[in-house]
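1. Predicted model and sequence below, questions to follow.
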Amino acid sequence: MILVLKQGISKEDTDNICLWMSKFGVSANPIFGSGTTIIGLVGDTSSIDVHLFDNDERIEKVMKVQEPFKRANRKFHPDDTIVDAGHGVMIGGSKIIIAAGPCSVESDEQVGLIAGAVKDSGAKIVRGGAFKPRTSPYAFQGLKAEGLMYMRNAGQRNDMPVVSEITNPSQIELFNDYVDIIQVGTRNMQNFELLKELGKSRKPILLKRGFANTIEELLMSAEYIMSSGNQNVILCERGIRTYETATRNTLDISAVPVLKRMSHLPVFVDPSHAAGMAWLVEPLSKAAIAAGADGLIIEVHNDPKNALSDGQQSLTPEEFSGLMNKLKPLAELMGRSI
């Protein structure tokens, strides 16, 4: 349930309404928008009679929310959420933010070299995997804590926030110390115990859509994080599994405008994992920007042929620079910038 307050209502009146609603056993969440203040009621609102508000001069109207996700719902938060990633990087505004780096961190020198190269080309965030959930137990599993230290070093040397994937709740303290954005990968999108623990963190969470999950299920996973206290969630479309075998996954480009309509949270696209092939990264990146994505996360490796993971979908630093030169005028055409 949403209470839309009348123009000019004071913060004191807003707080009093929240206190009144809390007596019904629901959580009252005031949201002060650019032109309107609303109060989102989360919980069992069946005991609240909408006619209670008929003669309340502070309340403009009452709206029922049918969707199961509340805090992630645009009805609860009409204005776009802007997530502060640190180092002056704001996600969700008019600028399209590019995160780039290796699939797997292989050495301190390697990730530092790539971070510097992608920054020179216009990337604002360096990405890299330290804990690698792999399909095969015999594949490279990452450098783990050592890899996170290398990521932090690369971020500090280049004044860039870093993002890396978490795989287990026991790693949260480590990630809080070493990264700026915590990524939840496709395999953990519905690891609800992990999501609840991440809700207690103050770090922004990059939440990737599961490869066989609906958009609503993605938003419900975001709700787990937000209901535990962390509102800094970035959604990420990374391709879903379909019957098509020509690509690694099928990029659901329609998910971008759908998510932007349903939710106030910023939306990233991962063209590297969607494509599975480096030559497809450029057209999918262009499509994502045209569809309204707030950012891209792209895999870049200095020697893709000898990469320890996903080299076939990684761009070289030179190829990434060429891609950025093509994306910048497209972003301007869309009334945005990179």
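-> Received it, and whenever you're ready, just let me know what you need. Residues are numbered from 1 along each chain as shown.
2. Please make it C-alpha for all contacts and neighbour counts, starting now.
-> Fine.
3. residues touching the residue nearest the centre of the chain, list them.
-> In the chain, the C-alpha nearest the mean C-alpha coordinate belongs to residue 234, at 1.8 Å (CA atoms, centre = their mean). Contacts were defined as CA atoms under 8 Å, 6 or more residues apart in numbering; by that measure residue 234 touches 83, 204-207, 265-268.
4. which residue sits closest to it, ignoring its sequence neighbours?
-> residue 206 (4.7 Å; CA to CA, 6 or more residues apart in numbering).
5. Show residues contacting the host helix or strand of that neighbour.
-> Using DSSP states H and E, residue 206 sits in strand 205-208. Residues from elsewhere that reach strand 205-208 (CA under 8 Å, 6+ apart): 181-186, 189, 198, 218, 222, 232-238.
6. pLDDT on that strand, on average?
-> Strand 205-208 shows a mean pLDDT of 98.
7. next helix or strand past it?
-> Using DSSP H and E, the next helix or strand after strand 205-208 towards the C-terminus is helix 215-227.
8. which other residues reach that following helix?
-> With CA under 8 Å, 6+ apart, helix 215-227 has contacts from 68-72, 189-190, 192, 195-200, 207-210, 231-233, 235, 255, 259.
9. Weed out the non-buried ones from the residues you listed.
-> 69-72, 189-190, 195-199, 207-210, 231-233, 235, 255, 259 (16 or more other CA atoms under 10 Å).
10. which non-adjacent residue is nearest residue 289?
-> residue 331 is the one closest to residue 289 (CA to CA, 6+ apart), at 6.7 Å.
11. Tell me how many other residues surround the one you found.
-> When neighbours are defined as other CA atoms under 10 Å, residue 331 has 19 of them.
12. what's the pLDDT at it?
-> At residue 331, the pLDDT value in this model is 98.
13. doesn't it fall inside a helix?
-> Yes. Using DSSP: H, G, I helix; E, B strand; the rest coil, the assignment for residue 331 is a helix.
14. How much space separates it from residue 86?
-> For residue 331, the distance to residue 86 equals 23 Å [CA to CA, to the nearest Å].
15. related to what we said a few turns ago, list the strands paired with whatever helix or strand the residue nearest to the centre of the chain lives in, with their directions.
-> According to DSSP H and E, residue 234 maps onto strand 233-237. Taking DSSP bridges as the criterion, strand 233-237 forms sheet pairs with strand 205-208 (parallel), strand 267-269 (parallel).
16. between those, which one is nearest to residue 309?
-> With CA to CA as the criterion, residue 309 lies closest to strand 205-208 of the strands paired with strand 233-237, at 18.7 Å.
17. From the chain's centroid, how far away is the closest one?
-> 4 Å (CA atoms, centre = their mean, to the nearest Å).
18. Okay, buried residues for stretch 108-122 please.
-> 108, 110-119, 121-122.
19. Can you flag which of the residues you listed belong to helices?
-> 108, 110-119, 121 (DSSP state H).
20. Residue 296: which of those is nearest?
-> residue 118 (12.9 Å).
21. That closest one is in contact with residue 98, isn't it?
-> No. In this structure, residue 118 is not within contact of residue 98 by CA atoms under 8 Å, at 9.3 Å.
22. What is the burial count for residue 297?
-> Residue 297 has 24 nearby residues by other CA under 10 Å.
23. hmm, back to that, go through the strands paired with strand 233-237 and pick out the most buried.
-> Mean neighbour count (mean count of other CA atoms under 10 Å) peaks for strand 267-269 among these, with a mean of 29.
24. can you list contacts of it?
-> In contact with strand 267-269 (CA under 8 Å, 6+ apart) are residues 92, 234-238, 256, 259-260, 285, 288, 293-297.
25. switch to 7 Å and redo it
-> Strand 267-269 has contacts (CA atoms under 7 Å, 6 or more residues apart in numbering) with 234-238, 256, 288, 293-297.
26. Stretch 47-59 now?
-> The set of residues external to stretch 47-59 that reach it, using CA under 7 Å, 6+ apart, is 3-6, 9.
27. re earlier: how about the strands paired with strand 233-237 in TSV, adding distance to residue 19?
-> Output for these, formatted as TSV (distance: least, CA to CA, whole Å):
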stretch	distance to residue 19
strand 205-208	30
strand 267-269	33
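28. and of these, who's closest to residue 278?
-> Among these, the nearest to residue 278 by CA to CA is strand 267-269 (15.1 Å).
29. Name the next helix or strand downstream of that closest one, please.
-> Scanning forward in sequence from strand 267-269 by DSSP H and E, the next helix or strand is helix 271-275.
30. mean confidence for that next one?
-> For helix 271-275, mean pLDDT is 96.
31. so where's the protein uncertain?
-> The model of the chain has no residue with pLDDT under 70.
32. where along it do the strands fall?
-> Using DSSP state E, the strands found in the chain span residues 2-5, 27-32, 37-42, 59-63, 83-86, 89-91, 97-101, 125-127, 162-166, 181-184, 205-208, 233-237, 267-269, 295-299.
33. Just give me how far stretch 63-77 sits from the chain centre.
-> With CA atoms, centre = their mean, you get 18 Å for stretch 63-77.
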